[in-house]
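Q: Next input, structure requested:
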Amino acid sequence: MHIEKNSFKKEVIKLMRVEKDSIGTVNIPDEAYYGIHSKRAQLNFPITDEKVHPLLLKSLLLVKIACAQANYGADNLSYKKYQAITTAAKQVYANFTDYQAEFIVPAIQGGAGTSTNMNVNEVVANRALELMGHAKGDYHFLHPNDDVNRGQSTNDVYPTGAHLALLKLNQTLITEIDQLVTLLSNLAVKHQKTLKLGRTQLEDAVPTTYGAAFSAYKNLFSRALQRIKQANEALFAIPLGGTAIGTGLTAVPQYITKVVPFLAKLTGLDLKQADNLPDAVQNTDCFLMTADAYKNLAVGLSKMSNDLRLLGSGPRAGLGELALPKVQAGSSIMPGKINPVIPEVINQIAFQVIGYNSTITMCSEAGQLELNAFEPVMFHDLFDAAQLLQKGIRTLSDRCLKDLKVNTKRCVQLTESSAEIATILAPKLGYVRATSLVKTALEQNTSIRALLKEQLKLSPAEIEKLLAPQTLLGSLNNIKKVQPTSSAL
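A: Okay, here's the model as predicted:
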């Protein structure tokens, strides 16, 4: 038994390698591609089970490839190391799911993203060592810092990765917003002659149309789309080449001028190096601009969802103008109850994104001197916000708006029964007399149509001429005819 135990101990030791840093040593599993910096981060930040977003990690792999190319082109990296680093990074990128477990750093971390950068450096270095015929951890042949991270700092690499990730996320989001705008435009065309009662402060107002309502939503999200695109323009300027606090320290001049063009070609994006690298490293207003665009979009989505829930309320005791698609049973106790669950989930997404905006605002404000230490949670919230909005818009479009029905009979009934329809008569009757009609209609619970007959002794034909739907539609002078569209812009 004693011999077997000792044999087991030797086997465990054999499966571990020892890595060393300025603090001391750490045992790392032999098969692991991550190293000591990644392991320390995993132990130091048991804050969340969420790991760094895959899109950020893949973006950083592209950065490592471009940096190796620029260093090799500047005679600052041997061909052998250049080949090993770029091949390794491309393999990890192309087969990311096979390597994803090697990225062990939590998404929320101290250190301004250094742990994430080093996790990528270590994985690339150890895969490169294998390609060169060496064991993982034999860093004297190829080093995570000296070679993979050559001419770089987390200060410029980490935010550059976030720029790339957000540009990709935003492209998907832009597509979804564009399709939402088209859907709303088509609803506006379909219902441009569908009368509805307008409401202000939840009180009856003058008549309008559902065409006007959907057109207003269309314009709202067209502007939201432009804000996302404007935020993207700021994201195309990246701090890569700035190294530590934008000084370019440790990077050779030829590398600094070539690295961004290499990355632009690699990604197919119109990237440019920031004009002022110290500014680009320490200030995060481009991320705040993106967060603000997300918040603005979220507020618009929530406002429209509130309207959908109100207008679809009922089916007997509510407004009942809209029939939202019935997608699931609404109660565990009330038979037949259906709730507006899709608009409700959009509201919750909006609340989350608005909260993220507050976090990102505080992160941006709290950056001190030459670096912002709070980018990890900033990036986590930005990525999550983008994906929540993208998936939320798709769900709202597919599960609610595409099959939305307008109860035209109910809309006409509410419009004609409203006392505020007298506003249309005010130019002919005068404000005081029209007000008297409204007051009487409310007190006697009768319609303006009935009062025109009883008090003003108008004939049915005269009343119809004043209050017929076509007359009401014709009186809405400022509601332009909505043209069909197959694209948002």
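Q: What's the local residue count around the closest residue to residue 96 other than its chain neighbours?
A: Leaving aside its chain neighbours, residue 96 sits nearest to residue 58 (6.0 Å; criterion: Cβ to Cβ, 6 or more residues apart in numbering). Heads up, the C-betas are built off the backbone N, CA and C, glycines and all. Here the number of neighbours of residue 58 (other Cβ atoms under 10 Å) works out to 20.
Q: same deal with residue 105?
A: So residue 105, with other Cβ under 10 Å, has 28 neighbours.
Q: how much space between it and residue 50?
A: 11 Å (Cβ to Cβ, to the nearest Å).
Q: what do you get for residue 150?
A: 30 Å.
Q: ditto for residue 466
A: 63 Å.
Q: Between these two, which has more neighbouring residues?
A: The neighbour count for residue 466 versus residue 50, taken as other Cβ under 10 Å, is higher for residue 466 (19 against 11).
Q: Look at the closest residue in space to the more buried one that isn't next to it in sequence and tell me its secondary structure.
A: What sits nearest to residue 466 in space, not counting adjacent residues and going by Cβ to Cβ, 6+ apart, is residue 425, at 6.5 Å. Secondary structure for residue 425, judged by DSSP: H, G, I helix; E, B strand; the rest coil, is helix.
Q: Next secondary structure element downstream of the longest helix belonging to the chain?
A: Assignment by DSSP state H gives helix 154-190 as the longest helix of the chain. Per DSSP states H and E, helix 154-190 leads on to strand 195-200 as the next helix or strand towards the C-terminus.
Q: for the helix or strand following that next one, what is the average pLDDT?
A: Moving toward the C-terminus from strand 195-200, the next helix or strand (DSSP H and E) is strand 203-209. Mean pLDDT, computed over strand 203-209, is 90.
Q: Show me which residues of strand 203-209 are buried.
A: 204, 206-209 (16 or more other Cβ atoms under 10 Å).
Q: can you check stretch 336-352 too?
A: 338-343, 345-347, 349-350, 352.
Q: Please state the mean pLDDT value computed over it.
A: Rounded mean pLDDT across stretch 336-352 is 95.
Q: 451 is where my numbering starts, stick with that
A: Noted, 451 is the first residue going forward, which turns the last one into stretch 786-802.
Q: could I get that stretch in CSV with only the CA atoms?
A: Taking Å, rounded to 0.1, in the frame of the first residue of the first chain, the C-alpha atoms of stretch 786-802 are listed here in CSV:
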residue,chain,number,x,y,z
GLY,A,786,-57.2,31.5,-20.6
LYS,A,787,-55.2,34.5,-19.4
ILE,A,788,-52.6,35.7,-21.9
ASN,A,789,-50.0,38.2,-21.0
PRO,A,790,-47.9,40.6,-23.2
VAL,A,791,-44.7,38.6,-22.3
ILE,A,792,-42.6,39.8,-25.4
PRO,A,793,-43.0,43.5,-24.6
GLU,A,794,-42.3,42.7,-21.0
VAL,A,795,-39.0,41.0,-21.7
ILE,A,796,-38.0,44.0,-23.9
ASN,A,797,-38.7,46.3,-20.9
GLN,A,798,-36.4,44.2,-18.7
ILE,A,799,-33.7,44.2,-21.3
ALA,A,800,-34.0,48.0,-21.4
PHE,A,801,-33.7,48.3,-17.7
GLN,A,802,-30.5,46.1,-17.7
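Q: before we move on, back to that, mind listing what the residue nearest to residue 916 touches?
A: By Cβ atoms under 8 Å, 6 or more residues apart in numbering, residue 875 lies in contact with 884, 887, 898, 916.
Q: about what we covered before: pick the one among the buried residues of stretch 786-802 closest to residue 615.
A: residue 802 (18.9 Å; Cβ to Cβ).
Q: Can you get me the centre-to-centre distance for the helix or strand harbouring that closest one and its chain?
A: Per DSSP H and E: residue 802 is located in helix 791-816. In this view, helix 791-816 has its centroid 10 Å away from the chain centroid, taken as Cα atoms, centre = their mean, to the nearest Å.
Q: can you check stretch 568-583 too?
A: Taking mean C-alpha positions (Cα atoms, centre = their mean), stretch 568-583 and its chain are 33 Å apart.
Q: Averaged pLDDT, it. What do you get?
A: 98.
Q: what's around the closest residue to residue 532 other than its chain neighbours, how many residues?
A: Closest residue in space to residue 532, ignoring its immediate chain neighbours: residue 522 at 3.8 Å, by Cβ to Cβ, 6+ apart. When neighbours are counted by other Cβ under 10 Å, residue 522 registers 19.
Q: Quick check: buried residues in the host helix or strand of residue 522?
A: For residue 522, the element it lies in under DSSP H and E is helix 504-523. Of all the residues in helix 504-523, those buried under the rule 16+ other Cβ under 10 Å are 505-522.
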